[in-house]
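Visitor: Dropping a prediction and its sequence here:
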Amino acid sequence: MGLNDSSPGAMRNGRGLSDQWADSVVVRPRTTERHITVHKRLVLGFALSILTLIIVTVVAVVLSVRFEECGSGRGRDRAAGEPGARGAGGSARLNGSRGERTGDRGDDEAAQPWRSPRLPGSVRPRHYDLRLAVYMDNFTFSGEVSIELECVNATRFIVLHTDRLEVDQVSVTAEGGAAGRPARPAGGAMRIHRHFPFPANQMYVVVLHRELKPMRVYRLNMSFDAAIEDELLGFFRSSYTLQRERRYLAVTQFSPIHARKAFPCFDEPVYKATFSLTIRHDAQYTSLSNMPVESSSLSDEDGWLTNRFARTPRMSTYYLAWAVCNFTYRETQTDSGVTIRLYARPDAISSGAGDYALQITKRLLGFYQAYFKVQYSLPKLDLLAVPKHPYAAMENWGLSVFVEQKILLDAEVSSSSYQMELTMVVVHEICHQWFGDLVTPVWWEDVWLKEGFAHFFEYVGTDFLFPKWNMEKQRFLTDVLHEVMLLDGLRSSHPISQEVEQATDINRVFDWIAYKKGAALIRMLANVMGQTLFQKGLNDYLLSHMYSNAARDDLWSKLSQAMRSEGRDIDIGEMMDRWTLQMGYPVVTISKDQSEQLTTHNITVSQEHFLYGQEVRSNNSLQWQVPLTVAVGNASTVCSESLIWINNKTETHRIHQMHENTWLLGNINQTGYFRVNYDLQNWKLLIQQLHSSPQIISVGNRAGLIDDAFNLARAGYLPQGVPLQLIGYLPEETSFLPWHAASQALYQLDKLLDRTDEYSLFSDYVLKQVASRYHQMGWPSNGPGHEGNVLQASYQTEELQRELIMLACSFGNKQCHRQAVAYISDWISSNKNRIPPNIRDIVYCTGVSLMDEDVWEFIWMKFHSSNAVSEKKILLEALTCSDNTFLLNRLLNLSLTSDLVPEQDVIDVIVHVGRNPQGRSLAWKYFREKWEVLNARYGEALFMNSKLISGVTEFLNTEKELSELKDFILSSGVGAGPALPRALEIVEGNVRWHRLYRRQFYQWLRKPPSSALG
């Protein structure tokens, strides 16, 4: 950064010239009065000259180089993170410039757009021509990108994103064409003043000598080098073993802000452009991208292969994708001519492990095209199964990437629950080809617009594939609605749409609130609108915004138009803003008006913000527009439901066919995103109904009553005995869903109570409810042709059987333990695994917890020798079930310090050890000791840190553990985002429940179950 005094730039710096003159004055001795007088005249003359020069310079700056002060901040900019700023040589080589004007000292921050966390928007990309050379021998790559730009507002700055790229050469040319017209090759090179990275915002800045003109087209050319990382983001590497040989592959993961790690780009969703990609690599590898290969050539010099891929449609940077691997594939084709291929390890392809996903993808493309009435936009869709990936999958347009265990299925060893999970991941990603790829949220604050829809359609699309699974009306309740309400009932929750400014804020919007609450609100809206109008609104939304971006108001507008087309004047935006811009959800309390004893009664309906902590409910100003469905029933029948809109804190409504012995039921089939509470008399009538004839109440509402009762009691809205008395009907329950809802609530209580002295009171009560149905259902057979046959009509029966076995073994049923031990012993002695796939995870875990160290070593050995990804997953989880703390410590240490446990499974190991009562303190201690290593490895990956933090803390429940958590947050909690405050609130709630409710809870268990409510 040395100042070149002979350069024109140096002569412009008035302060620099003054300093030089002062130096010359100081060092020259003058001995006579005449000399002194001459000296004074010289000083005065030169001072006037300097003053004149300064004035002229200022005028010139104001009139012709208004933003030159940005160049002056070089010293300050470099101090803020610009060590890589290039000197005059780099610019001169490319553009013939005569050096940087480094002397100017203007300090106008407003003219430094790279200091803003968002791109300035003065230029927009129209097309990227990206050329890459990939070196798999040393895991590096080099690239050249040529970006066609449209100037929107006059500017001297081109600001875009780079992260960890070594940028070499930069040039800018004027294309000569106006925006919207073909570019003419008549422009010429633009002189670059300087170019430099600004790492603080992951940006790269090109400063030009003269402004770009609006409505003109320019071309930015950049060359760069980078490493193929080992950290699962950007362009990263992975490996697998085939015939004892380690093989490598490299693949991209750009969402949400990691395209900038692989090439210079405008890495915000709204900057959609088209992409032409060329990849050069060793010919032993295959390269894939979003589009088919357009041309391919083999070099005579080095034998390398160059693949040029067809031009993409307009899309956001984070949906660009490529991979370099030596996988093989299977393919199929849709009726409309779309080629679908599944790429995976050669041994996985030859075994047929990808065939299931390939076939359901073909069916799903047809389903979505029919549902949305919008065709799939690309000529092909590749599914890529990789051994290592930070997420379950990524929906890159035309090249969706999956971690192996979410797409490869071995029918001989995979359970029905594994197949269901895999199915839903594929359904989710294929939905994104419309909601996400085709129509992309404008900004990350509305990420739920794509993730909420994809999560909702997991259940709708799976119902299309397997109608008897009944996912949207049943499993959605327990797996989405009940789960997200646990999180959204915390004061540390947040609105589904939340402001995002910094890049570091983006990760926090990818959480279960965006996915699951988004899905729940969409489901509620679909039920309010009706299926036909809902589909019509979605079709209009997709057609209006295809190849572009949309915000939530765009969706509300199209859905409102659909409603008005049928004469239903509901302002969807006004209704849904309450649900999307406010955190949490209401508890709606329905009470009979006891003042009149007529056949037609009034009910009082009130709403308030549901929160688990009583002390935080004082400021309760939130209100929602609640679509409350209500039904009236008695011992033999339920009257048809009616819809009531609740807009105020408290309202009175008249309900027909109601008398003293009828009960009220709200939120029919739990289509609404809220909890329902009742007066105690109504709870008593509902419980009596469940005990006498549960089938009168629908299966969805039986599950809903269980979930609401347990959570209302936990939050202090109900006495602790109400949910316990309610589940007393479970021995008569024949459906899976209520049992599943009960088991989720009971496992939460189990982790709260499993270290208390009176724990057996609770476990005995649970076993009493389970015993009769468990013995009646028995254990599954494992005859020929039974394995993995989840498509059969008895799916719900299989799931109920599995749920009962899990409850029985978890809570200590002796017969269940004996059966699990017998299965494990038979496997060890015969070396043939005859355990039915659907219950292997339960048997493995139970066997490891009850049996000796040799069994642990046997499972460890099987984990390493198994090639089936689903089997490896449950074997690894079984190792965390041991009661031996030495083995648990060994597993924890091996998971992080060796290659024996896959990198993406490390967090699962730590979390599952923490769920083991014998391992809870070990996992908590290990997490704190290794936090820096874990945060460095997984901190940037969406979900991983929050999954880890919640997994090791959610069941801490003593004052000592709460104090340890507070100390940890104070000392090490930087960089964990919202996960640690949420963890603190959950642990505080656990401690508070013990203080306020544990005694009442155990008191009820000690008294006869036939006692009164509460």
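Guide: Thanks, I have the structure now. Since we're looking at a predicted model, the values are computed, not measured.

Visitor: So what does Trp444 have for phi and psi?
Guide: phi -70, psi -20 (degrees, to the nearest 10).

Visitor: show me the contacts for it.
Guide: If you count contacts by C-beta atoms under 8 Å, 6 or more residues apart in numbering, Trp444 has them with 256, 269, 500, 505-506, 509. Heads up, the C-betas are built off the backbone N, CA and C, glycines and all.

Visitor: same check, this time on Trp860
Guide: Leu879.

Visitor: So it belongs to a strand, correct?
Guide: No: under DSSP: H, G, I helix; E, B strand; the rest coil, Trp860 sits outside any strand and is assigned helix.

Visitor: which stretches of the stretch 51-200 of the chain aren't confidently modelled?
Guide: Residues of the stretch 51-200 of the chain meeting the criterion pLDDT under 70: 51-110, 176-187.

Visitor: From the centroid of this structure, which residue is nearest?
Guide: In the chain, the C-alpha nearest the mean C-alpha coordinate belongs to Phe510, at 3.7 Å (C-alpha atoms, centre = their mean).

Visitor: can you tell me which two in the contacts of Trp444 are farthest apart?
Guide: Pro269 and Asp505 (14.5 Å; C-beta to C-beta).

Visitor: so what are the domain limits for this protein?
Guide: Split into domains by the TED database, the chain comes to 116-178+185-326, 434-581, 824-881, 882-1013.

Visitor: buried sites along the helix or strand harbouring Leu365?
Guide: Per DSSP states H and E, Leu365 falls inside helix 355-372. Under the neighbour-count criterion of 16 or more other C-beta atoms under 10 Å, helix 355-372 has 355-358, 360-362, 364-365, 367-369, 371-372 buried.

Visitor: Please tell me I have it right and Ser492 contacts Ala979.
Guide: No: checked against C-beta atoms under 8 Å, the pair Ser492 and Ala979 is beyond contact range at 9.6 Å.

Visitor: more neighbours, the two?
Guide: When Ser492 is set against Ala979 and neighbours are counted by other C-beta atoms under 10 Å, the residue ahead is Ala979, at 20 against 15.

Visitor: which residues does that one contact?
Guide: By C-beta under 8 Å, 6+ apart, the contact list for Ala979 reads 945-946, 949-950.

Visitor: Let's see which of those residues end up in helices.
Guide: Within those, residues falling in helices by DSSP state H are 945-946, 949-950.

Visitor: more crowded one of Pro269 and Asp505?
Guide: Neighbour count, other C-beta under 10 Å: between Pro269 and Asp505, Pro269 has more, with 23 against 16.

Visitor: Please report phi then psi for that one.
Guide: phi -60, psi -30.

Visitor: and the gap between the closest residue to it other than its chain neighbours and Ser287?
Guide: Excluding the flanking residues, the one nearest Pro269 by C-beta to C-beta, 6 or more residues apart in numbering is Ser316, at 4.5 Å. Counting by C-beta to C-beta, to the nearest Å, the separation of Ser316 from Ser287 is 22 Å.

Visitor: between these two, who's got more neighbours?
Guide: Ser316 (25 against 22).

Visitor: quick one: contacts for the more buried one?
Guide: Going by C-beta under 8 Å, 6+ apart, the list of residues near Ser316 reads 268-272, 440, 549.

Visitor: same check, this time on Pro292
Guide: Contact analysis of Pro292 by C-beta under 8 Å, 6+ apart lists 309-310, 339, 379-380.

Visitor: Swap in 10 Å and give it another go.
Guide: By C-beta atoms under 10 Å, 6 or more residues apart in numbering, Pro292 lies in contact with 307, 309-310, 339, 378-380, 382, 398.

Visitor: can you give me the helices for the stretch 151-300 of the chain?
Guide: When secondary structure is read from DSSP state H, counting those that start in this stretch, the stretch 151-300 of the chain shows no helices.

Visitor: For the stretch 551-700 of the chain, give me the ranges with low pLDDT.
Guide: Ranges of the stretch 551-700 of the chain meeting pLDDT under 70: 594-600, 615-619.

Visitor: Could you pull out the helices in it for me?
Guide: Ranges of helices within the stretch 551-700 of the chain are 552-564, 572-580, 680-692, 699-714, based on DSSP H, counting those that start in this stretch.

Visitor: How about the second one, which residues are buried there?
Guide: So the one you mean is helix 572-580. Across helix 572-580, burial judged by 16+ other C-beta under 10 Å covers 572, 575-577, 579-580.

Visitor: from the chain's centre, how far out does stretch 859-867 sit?
Guide: 31 Å (C-alpha atoms, centre = their mean, to the nearest Å).

Visitor: residue contacts, Arg341?
Guide: Contacts of Arg341 by C-beta under 10 Å, 6+ apart are 288, 327-333, 354, 358, 361, 380-384, 399.

Visitor: ok, what's across the strand from it?
Guide: Residues in a beta bridge with Arg341, per DSSP bridges, are Glu331, Asp382.

Visitor: now it: how far from Leu685?
Guide: Here Arg341 is placed at a distance of 58 Å from Leu685 (C-beta to C-beta).

Visitor: Also Glu483?
Guide: 29 Å.

Visitor: what do you get for Leu894?
Guide: Relative to Leu685, and taking C-beta to C-beta, Leu894 is found at 56 Å.

Visitor: And for Asn838?
Guide: Counting by C-beta to C-beta, the gap from Asn838 to Leu685 is 38 Å.

Visitor: So those two - more neighbours on which side?
Guide: Asn838 (25 against 21).

Visitor: Nice, that's everything, thank you.
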